[in-house]
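Sharing a model prediction with you, sequence too.
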Amino acid sequence: MKTKTTQKLLLLWMFVCGVQIISIATAFGQSGSLQAALTVKGKIIDEKGVELPGASVTIKGTSKGTSSDASGNYSIVVSTGQTLIFSFTGYVSKEITVGNNTEINIQLKADSKALDEVVVVGYGTKKKVTVTGSVATVKGSEIKQSPSANLSNSLAGRAPGVIASNRSGEPGNDFSNILIRGKGTLNDNSPLVVIDGVANRGSFERLNPDDIESISILKDASAAIYGAQAANGVILITTKKGKSGKPVVTYTGSYGTTQPTRLPNPVNAGQYATYINEVNDRYGKPHQYTDADIEKYYNGSDPVNYPNTNWYDAVIKENSPQARHALSVSGGGEKTDFFLSGEYLKQEGIYRESSTDYNQYNLRTNINTQVLPILNVALNLSGRIEDRNFSNYTSNNIFAEVLSAYPTLPAYYPNGLPGPGLAGGKNPVLMASGATGYNYTTDYNLLSDLSFDLKLPFVTEGLYVAGLAAYDFRFRNEKIFKDNWDAYRYNSTTNDYENVRSSEGPINLRSDYRNYQMKTYNFKVGYNRVFGQHDVSAFVAYEQSDSYNEGVFAYRTGYLSNKIDQIFIGGDKDKDNGGNAAQTARQNIFGRLSYNYKQKYLIDFVLRHDGSYIFPKDKRWGTFPGVSAAWRVSEEPFFKDNVRFISHLKLKASWAELGNDKVLPYQNIQQYYLDGGYYFGATSELVQGLSAGVTPNPNITWEVAKTSNFGFESSFFNGLLTVNADYFISNRNNILVARNASVPTSTGLDGKLPAENIGSVSNRGIELEVSHQRSVNENFSYSIGANYTYTKNEVNFMDEAANVPEWQKRQGFPIDSWLVYKNDGIYRTQAEIDNSVHLPGTRPGDLRYIDVNGDKQITANDRIRIYEGATPRGIYGINLGVNYKGIGLNMLWQGQTDAKQLILPQQGNAITPPTWLYDDRWTPENPNGSYPASFDRNDPINNRYSDFWLRNAAFIRLKTVELSYTLPKSLTQKLHLQNVRAFVNGFNLLTFSDIKDYDPELNNVTGSYYPQTRIISAGANISF
């Protein structure tokens, strides 16, 4: 696929504009007025008399200005009567009108808003300076810079410790897999998601980005307040609330296009025919194609008998539209505030001939009211409809056929008839177009919660009670309709086009209905009070939740027409129906005690007693403690007086026991399944029976992670530079795994053994975050930041077979380490084969494997473990921001290191080789080729998982870029508007990686999946 020239020019234009903005703005920021009447000098200090280096001094209404030096001194040429603006990050700006005085000394006061910045933590909020744990925050304004329709994709690179790997770009399924500080268990590693204070409300991916106030990520003991579900970290989503003042109406609209980031480049028909002939040579089979055939494939003289199809071009269009419209109203009076919003999103799939699309509708109402001076009540309501219109074949099915289909098969014949596909008429173009049927899925989501906060000053100052009741409902309606379709093969003997689908079965339909309901109740008693310089806050809470979900399905076949897609229209001969249901329940008691002295010495204690339906009654409850402490060294007199360039330094440490109950439920109960039945009696009547499932284990219990964190937060030169770092270690024990590996299959217990709490995994790493921001003058400001995370997990114990060689054991290696044969290049000659240990049937051009165990043969015992897996150990993000007179440029670069992906293009259903494999393969004429001789998916030598096929999956990509322009206030006021902003932005625009034909975040070894996509979008934001 080639990118349109216009899009390339657009990217170039954005880059050039950005460079020009920085250059021009910097020049303006450093220029002075040569026509001024006098030179004004002075010193800029803070409230404590400390010099402020790098403070901005600008002449109001101009772009002229200067900065203070390392001692806080400044000098500027200015005219009498002009106004100087003195500003510094984290301080309140001050304006002074120049008279005849040539010396003006300035004292700036700290901005209380900066000091009082609030961070959302579990079941509450805290001032950022008093947070003792490791909590990362992503602002809603940052999320909105990305045109990605899925919120999970917008987290990549934004916060240290968050690994967001995008594995697909399919509309409606284009989410990222999120890990917090890597993997720590052999089971589910996904974090807990909490939306507006309620856990387990489903994913946050489909929320309206304009509704997001902030996203907090709890990574250490700060997550302990969520107890049994906290071991993998916690993501807290906080939606916007209303603000006092006149109602503000905001509209945001955008339109863009999407396209795959990277696609394989398959060989053409002539190359394919040559390749297949070479494969047949190796098997001693006759050639499938003559030289004359190959020539006709190349010259295209007979497209009916000798077509040449690039199936990626045939199936995928160059650009697919995406549109989004959002409207919100926010405001409030003295006692009530509100936030109302709505959103419509439409994404089309990348298939060339298809109605595949995703439509999303979001509505939200958040209302807060002060019923009494001591009583506040809040109501949050949100609804969402998700419509997915897909083919009855999944995207993986379709792309598997794209990889499998020969280029010697036509997508369409010259007369317009569709080609036959590889087998059974599975022409990928038809499969993607919906001609074979459809899958229509509609999800309805309702989230509602009502909460109150009642202060009790008449009992004692600082005492309060609070409560919450939430009801969530989800309903899914899914129809999978398999239609008949036509696909043809040309018969050169009869000169006819024969329908290869003529003998296919009847039309069939499956309808699924599922509903899910969850109720959550929370009641909290708390106390917040300041005694002189002692600040105490505490609460104790009780929470319970229960859910119920059920589903039914019906299946019928024998439809005479595809015009009415209803179950009752189907025939009675082949039909089926069924269903299932499940209930869950949780109860917990928890609390937190926080104390600080002078906001200098801080400590938090957390305790949670959790009960879960997953475990047996006598093991159902677990207790999870946590403690964290911090010391603001920068508040000590000895530090303030002697280390003036460090304006903030906080040392912190934490420890906690966290739980993970993300395992299969009811493992302690003997489960039975309906089987095929047995024949009984003289008439051999079939009677349905029950079969026992896995042997139960009545002793299963919690998986527990003991987590420690040590770090610091620092700020230099009064906020110009911030540096934060953390070191963490987590030891996970009692992981539920079965002993299937160590118990011989001859016992008959294979697959029947229960899981036991025997697994153990350790995970450790570091996080580093650095940022710098500065306002050069009132017209120009910039910021730059970077974050880096390195994690390293190891399996300490899991069940393994007794005869597994030491070098193959998973113990001591990461959870997702590769197990592969070790290669030593390619055999170039028969003599090399004869003089080495090799697999039977090895020929020149085959891969050469190393006899690791020295037993003079190549067997499975010669495989080795590779430390790097598909999950990166290193991740990073780099963000850049520039603003000049309303023009803004924001970039986010995201990348990963220490990861390997296995790329084996002839695995699975893949048959057609990519060009990189074909162009540099071994042949007698090219004995030094970089890749093996021609082979197919059945090849017993070259088609093995080996380190030859492992690729460095490190990459850096331009994850998000946005260029915007905000109209001046003087103009918007004349238009009776509050704000007008136009923007163009992009997602996944550039990727630099050693992996060329596939996105480095590929989903499997062959590329048979819906590819990741890039997005270019333009739009506007208007408030009035």
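Received, thanks. Numbers count the residues shown, from 1 in each chain.

make it CA atoms for all contacts and neighbour counts henceforth
OK.

tell me which element residue 785 is part of?
Element membership for residue 785, per DSSP states H and E: strand 780-797.

Can you work out which other helices and strands pack against that strand?
Counting contacts by 3 or more Cα pairs under 8 Å, 6 or more residues apart in numbering; DSSP states H and E, the secondary-structure elements packed against strand 780-797 are helix 5-30, strand 755-775, strand 874-884.

Quick one: neighbours of the closest residue to residue 722 other than its chain neighbours, just the number.
Of all residues beyond its chain neighbours, the one nearest residue 722 is residue 715 (4.3 Å), with distances taken as Cα to Cα, 6 or more residues apart in numbering. For residue 715, the tally of surrounding residues (other Cα atoms under 10 Å) stands at 21.

Check which strands are paired with the helix or strand containing residue 715 and give the direction for each one.
Remark: residue 715 resides in strand 703-716, with elements defined by DSSP H and E. Partners of strand 703-716 in the sheet, by DSSP bridges, are strand 646-660 (antiparallel), strand 721-738 (antiparallel).

can you tell me which of those strands comes nearest to residue 697?
In terms of Cα to Cα, the element of those nearest to residue 697 is strand 721-738, at 10.5 Å.

Pull the distance from that closest one to the chain's centre.
20 Å (Cα atoms, centre = their mean, to the nearest Å).

Output that strand in PDB with nothing but the alpha carbons.
Output of strand 721-738 as PDB, limited to C-alpha atoms (Å, rounded to 0.1, in the frame of the first residue of the first chain):
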ATOM      1  CA  LEU A 721      12.900  21.100  35.600                       C
ATOM      2  CA  THR A 722      11.300  18.100  37.300                       C
ATOM      3  CA  VAL A 723      12.800  14.700  37.800                       C
ATOM      4  CA  ASN A 724      11.000  11.700  39.400                       C
ATOM      5  CA  ALA A 725      12.200   8.200  39.800                       C
ATOM      6  CA  ASP A 726      11.000   4.900  41.300                       C
ATOM      7  CA  TYR A 727      12.500   1.400  41.900                       C
ATOM      8  CA  PHE A 728       9.900  -1.300  42.400                       C
ATOM      9  CA  ILE A 729       9.900  -5.000  43.200                       C
ATOM     10  CA  SER A 730       7.000  -7.400  43.400                       C
ATOM     11  CA  ASN A 731       7.100 -11.100  44.500                       C
ATOM     12  CA  ARG A 732       4.000 -12.900  43.400                       C
ATOM     13  CA  ASN A 733       3.200 -16.200  45.200                       C
ATOM     14  CA  ASN A 734       0.300 -18.700  45.400                       C
ATOM     15  CA  ILE A 735      -0.200 -18.400  41.600                       C
ATOM     16  CA  LEU A 736      -2.800 -21.000  40.500                       C
ATOM     17  CA  VAL A 737      -1.300 -23.400  38.000                       C
ATOM     18  CA  ALA A 738      -2.000 -27.100  37.300                       C
END
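
ok, the residue nearest to residue 722 - contacts?
646, 647, 648, 649, 721, 722, 723 (Cα atoms under 8 Å, 6 or more residues apart in numbering).

OK, contacts around the third one?
Counting by Cα under 8 Å, 6+ apart, residue 648 touches 632, 633, 634, 635, 713, 714, 715, 716, 718.

Got the confidence number for it?
According to the prediction, residue 648 has pLDDT 92.

Confirm that residue 553 sits in a helix.
No. According to DSSP: H, G, I helix; E, B strand; the rest coil, residue 553 belongs to no helix; its state is strand.

which residue packs closest to it, ignoring adjacent ones?
Once its chain neighbours are removed from consideration, residue 553 has its nearest residue in residue 512; the separation is 4.3 Å (Cα to Cα, 6+ apart).

So residue 862 is in contact with residue 853, correct?
Yes. If you go by Cα atoms under 8 Å, residue 862 and residue 853 touch, sitting 6.1 Å apart.

Between these two, which has more neighbouring residues?
Between residue 862 and residue 853, residue 862 has the larger neighbour count (other Cα under 10 Å), namely 21 against 14.

Could you pull out the strands in the stretch 201-350 of the chain for me?
Using DSSP state E, counting those that start in this stretch, the strands found in the stretch 201-350 of the chain span residues 212-218, 234-239, 245-260, 320-332, 336-348.

What are the structural domain limits within the protein?
The chain breaks down into these structural domains: 31-113, 115-241, 257-268+308-816+870-904+945-1023, 269-307 (assignment by automatic domain parsing).

could you redo the ones you listed as JSON lines and give each row distance to residue 836?
Compiled in JSON lines, the domains of the chain are given as follows (distance: least, Cα to Cα, whole Å):
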{"stretch": "domain 31-113", "distance to residue 836": "69"}
{"stretch": "domain 115-241", "distance to residue 836": "39"}
{"stretch": "domain 257-268+308-816+870-904+945-1023", "distance to residue 836": "18"}
{"stretch": "domain 269-307", "distance to residue 836": "20"}
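
Of those, which is nearest residue 927?
With Cα to Cα, the closest approach to residue 927 among these belongs to domain 269-307: 14.3 Å.

from the chain's centre, how far out does that closest one sit?
Here the centre of mass of C-alpha atoms in domain 269-307, compared against the chain's by Cα atoms, centre = their mean, lies 44 Å away.

Start and end of that domain, how far apart?
7 Å (Cα to Cα, to the nearest Å).

Sort out which residues of that domain are buried, please.
Judged by neighbour count (16 or more other Cα atoms under 10 Å), domain 269-307 contains these buried residues: 269-280, 282, 294, 296-298, 303-307.

So which of the residues you listed are in helices?
Secondary structure from DSSP state H places 269-280, 282, 294, 296-298 of the buried residues of domain 269-307 in helices.

Distance check, residue 871 against residue 261.
Distance of residue 871 to residue 261, computed by Cα to Cα: 20 Å.

most neighbours per residue, which of the domains of the chain?
Ranked by mean neighbour count, the domains of the chain are led by domain 115-241 with a mean of 22 (mean count of other Cα atoms under 10 Å).

Need the contacts of residue 648 in JSON lines (columns: pLDDT and distance to residue 809).
Formatted as JSON lines, the entries for those read as follows, by pLDDT from 0 to 100; distance: Cα to Cα, whole Å:
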{"residue": "632", "pLDDT": "96", "distance to residue 809": "46"}
{"residue": "633", "pLDDT": "96", "distance to residue 809": "46"}
{"residue": "634", "pLDDT": "93", "distance to residue 809": "49"}
{"residue": "635", "pLDDT": "91", "distance to residue 809": "51"}
{"residue": "713", "pLDDT": "96", "distance to residue 809": "40"}
{"residue": "714", "pLDDT": "95", "distance to residue 809": "43"}
{"residue": "715", "pLDDT": "92", "distance to residue 809": "46"}
{"residue": "716", "pLDDT": "91", "distance to residue 809": "48"}
{"residue": "718", "pLDDT": "79", "distance to residue 809": "52"}
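
what's the closest of those residues to residue 814?
Each of those was checked against residue 814 using Cα to Cα; the closest is residue 713, at 29.9 Å.

if I pick the closest one, what's in contact with it?
648, 649, 650, 651, 722, 723, 724, 725.

Residue 302 too?
Contacts of residue 302 by Cα under 8 Å, 6+ apart are residue 296.

how much space between it and residue 547?
Distance, residue 302 to residue 547, by Cα to Cα: 63 Å.

can you check residue 688 too?
Taken as Cα to Cα, the span from residue 688 to residue 547 is 31 Å.

again, but for residue 554
The span separating residue 554 from residue 547 equals 24 Å under the rule Cα to Cα.

cool, and residue 827?
The value you get for residue 827 to residue 547, if Cα to Cα is used, is 61 Å.

For residue 341, which non-adjacent residue is closest in space?
Once its chain neighbours are removed from consideration, residue 341 has its nearest residue in residue 328; the separation is 4.0 Å (Cα to Cα, 6+ apart).
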